[in-house]
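K.L.:
Using only what follows, build the 3D model:
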Amino acid sequence: MTSESAANMESMGQFLELNTGDRMPVLGLGTAVWNQYEEIKSAVTVALQVGYRHFDTASFYGSEGAVGAALMEAFQSGFVKREQVFVTTKLWGDEHDDPLAAISRSLKNLQLEYVDLYLVHWPLRLKKGCSNPPKEEDFLPLTMKSTWQGMETCFEMGLTKAIGVSNFSCKKMEDLLSHAKILPAVNQVEMHPMWQQKKLRDYCSKMKIQICAYSPLGGRNTRWGSSMLMDNPIIHEIAQKHGKTISQVLLRWGVEQGVCVLPKSFNKGRITENFQVLDWCLTAEDRENINKIEQWKIVRAEIHVNSTTGPYRTLEELWDGEI
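P.N.:
From the prediction side, this is the model:
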């Protein structure tokens, strides 16, 4: 990516400013897959060449090593500098008792001295080394106050430039803010035209917390996703009108909502297409039609609910009725 193209992309709103003062690229590459080291490494390398400067991973995904290897090769070759890349990773449920040890493991995997953003992956505490999906005996009482204190320690030690959460409802955000000394910079949640998260976006905007959208394409061809979003006739009609792909319309909608979008693809053509959403706009009619789409949450996370040992006995309790 040339300096001219980088300047042009910045003028098109490529970055979002966090409450820390740091900037986060509005487009990132998701890496939520398992046991695909070479595919992930190759995808990150291709994405860097296309222009991506934001990469989202997690200890739970097992993709930190592949992401780190690709980034290190890019840094060592001089293709890109560390400070030009934004890296997010996450604290899994069985790591809540020691976020400092967890981020240290993640940094070793990533071959980095710090990450740009460290998130509590779910409001869920699990026994160390538990199975996936967790069994009923794997659930532990949630202790977010102590967990967040550990996250704050990671921030204070310079191991992450920002801390945040993922999959938190308005109520869970409110509970966190009641005791947090350092405000979360981000809440990463499922968001797309079929699950627009208006209530949560309004709340987080009021609190100066940035929303990041995972599964912005609906997660088709994943074990947790659905093809319903990409098959939606309203989206198809808009894509045809603009001469864009379905994915480009979905991502453009997210960008226009002021959120960071994290599409996942390991195909060079789609990685490139997904990046081409900063130089055109949806019309007012497009946005009005998208607002008519029936709302349905795809990532419902039934595996995090149980009737005996967990903190959430129903889906309504997990999502605090926001489902």
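K.L.:
Please count neighbours and contacts with C-alpha atoms only from this point.
P.N.:
Will do.
K.L.:
in the stretch 101-250 of the chain, which spans are helices?
P.N.:
For the stretch 101-250 of the chain, applying DSSP state H, counting those that start in this stretch gives helices covering 144-156, 170-177, 198-206, 233-242, 246-256.
K.L.:
want to try TSV for these, with mean neighbour count, mean pLDDT and distance to Val186 as columns?
P.N.:
Shown next, in TSV, are the helices of the stretch 101-250 of the chain (neighbours: other CA atoms under 10 Å; pLDDT from 0 to 100; distance: least, CA to CA, whole Å):
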stretch	mean neighbour count	mean pLDDT	distance to Val186
helix 144-156	19	98	13
helix 170-177	16	96	11
helix 198-206	15	96	9
helix 233-242	16	96	28
helix 246-256	22	96	15
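K.L.:
Throw those into a markdown table and include distance to Gly21, thanks.
P.N.:
Formatted as a markdown table, the helices of the stretch 101-250 of the chain follow (distance: least, CA to CA, whole Å):
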| stretch | distance to Gly21 |
| --- | --- |
| helix 144-156 | 14 |
| helix 170-177 | 19 |
| helix 198-206 | 15 |
| helix 233-242 | 35 |
| helix 246-256 | 20 |
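K.L.:
between those, which one is nearest to Ser63?
P.N.:
When the helices of the stretch 101-250 of the chain are compared by CA to CA, helix 144-156 sits nearest Ser63, at 20.9 Å.
K.L.:
the inter-axis angle of that closest one versus helix 170-177?
P.N.:
With axes from the mean of the first three to the mean of the last three CA atoms, to 10 degrees as the basis, helix 144-156 and helix 170-177 are set at 60 degrees to each other.
K.L.:
what's next to helix 144-156, contact-wise?
P.N.:
96-100, 103, 118, 123, 160-163, 176, 179-182 (CA atoms under 8 Å, 6 or more residues apart in numbering).
K.L.:
From those, list the buried ones, please.
P.N.:
96-97, 99-100, 103, 118, 123, 160-163, 176, 182 (16 or more other CA atoms under 10 Å).
K.L.:
Out of these, which sit inside strands?
P.N.:
Using DSSP state E, the subset of the buried ones among the contacts of helix 144-156 located in strands is Tyr118, Ile163.
K.L.:
Same list (the buried ones among the contacts of helix 144-156) but as JSON lines, adding distance to Ile40.
P.N.:
Shown next, in JSON lines, are these (distance: CA to CA, whole Å):
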{"residue": "His96", "distance to Ile40": "26"}
{"residue": "Asp97", "distance to Ile40": "29"}
{"residue": "Pro99", "distance to Ile40": "25"}
{"residue": "Leu100", "distance to Ile40": "26"}
{"residue": "Ile103", "distance to Ile40": "21"}
{"residue": "Tyr118", "distance to Ile40": "20"}
{"residue": "Pro123", "distance to Ile40": "27"}
{"residue": "Thr160", "distance to Ile40": "23"}
{"residue": "Lys161", "distance to Ile40": "24"}
{"residue": "Ala162", "distance to Ile40": "24"}
{"residue": "Ile163", "distance to Ile40": "24"}
{"residue": "Leu176", "distance to Ile40": "33"}
{"residue": "Ile182", "distance to Ile40": "33"}
